[in-house]
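**Student:** Turn this into a structure:
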Amino acid sequence: MVAIELAVRTLISSGCRGIRTRIYSDNKGVVGALRRGCSRGPQQNLILQKIIELLQQYNIWVEPEWVSTNDNTADTPSRVKFPG
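**Tutor:** Numbering: from 1, shown residues only. Sure, this is the predicted structure:
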């Protein structure tokens with residue numbers, strides 16, 4: 001959920017207003033929470049509420065979509081194998 005908040009804040013800091021965008025995540029729980037507007041986890045709900053406030057304030061519409069972990073190009077840096 002924190003990655004989604006970071007993505008939304010990046011959109012805002014880039015000047016995005018009044019847009020519709022698709023956000024991909026390989027976390028089905030996060031995608032479901034974004035679609036429902038709530039999560040089972042209290043910590044996630046706190047972050048989600050902040051995300052929703054930002055989306056409303058800047059008129060941004062997010063379409064969350066699940067993507068397989070293997071197809072998630074955003075995870076590439078975390079998959080780097082270092083020698084040693």
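**Student:** Enumerate residues external to stretch 24-31 that contact any of its residues.
**Tutor:** When contacts are defined by CB atoms under 8 Å, 6 or more residues apart in numbering, stretch 24-31 is touched by residues 1, 3-4, 39-40, 44, 64-69, 71-72, 74-75. C-beta here means a position set from N, CA and C on the backbone, and glycine is covered the same way.
**Student:** Separate out the buried members of those.
**Tutor:** Among the contacts of stretch 24-31, the ones that count as buried by 16 or more other CB atoms under 10 Å are Met1, Ile4, Ser39, Gln44, Pro64, Val67, Asn72.
**Student:** CSV please, covering these and showing secondary structure and distance to Ile52.
**Tutor:** Output for the buried ones among the contacts of stretch 24-31, formatted as CSV (DSSP: H, G, I helix; E, B strand; the rest coil; distance: CB to CB, whole Å):
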residue, secondary structure, distance to Ile52
Met1, coil, 12
Ile4, helix, 11
Ser39, coil, 11
Gln44, helix, 12
Pro64, strand, 12
Val67, coil, 22
Asn72, coil, 23
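**Student:** now these in TSV, with pLDDT and distance to Glu53?
**Tutor:** Putting the buried ones among the contacts of stretch 24-31 into TSV (pLDDT from 0 to 100; distance: CB to CB, whole Å) gives the following:
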residue	pLDDT	distance to Glu53
Met1	93	14
Ile4	95	13
Ser39	93	15
Gln44	94	15
Pro64	96	17
Val67	95	26
Asn72	83	26
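**Student:** and which of those is nearest Cys16?
**Tutor:** Closest approach to Cys16 among the buried ones among the contacts of stretch 24-31 (CB to CB): Ile4, at 14.6 Å.
**Student:** Asn59 versus that closest one, what's the distance?
**Tutor:** To Asn59, Ile4 is 17 Å away according to CB to CB, to the nearest Å.
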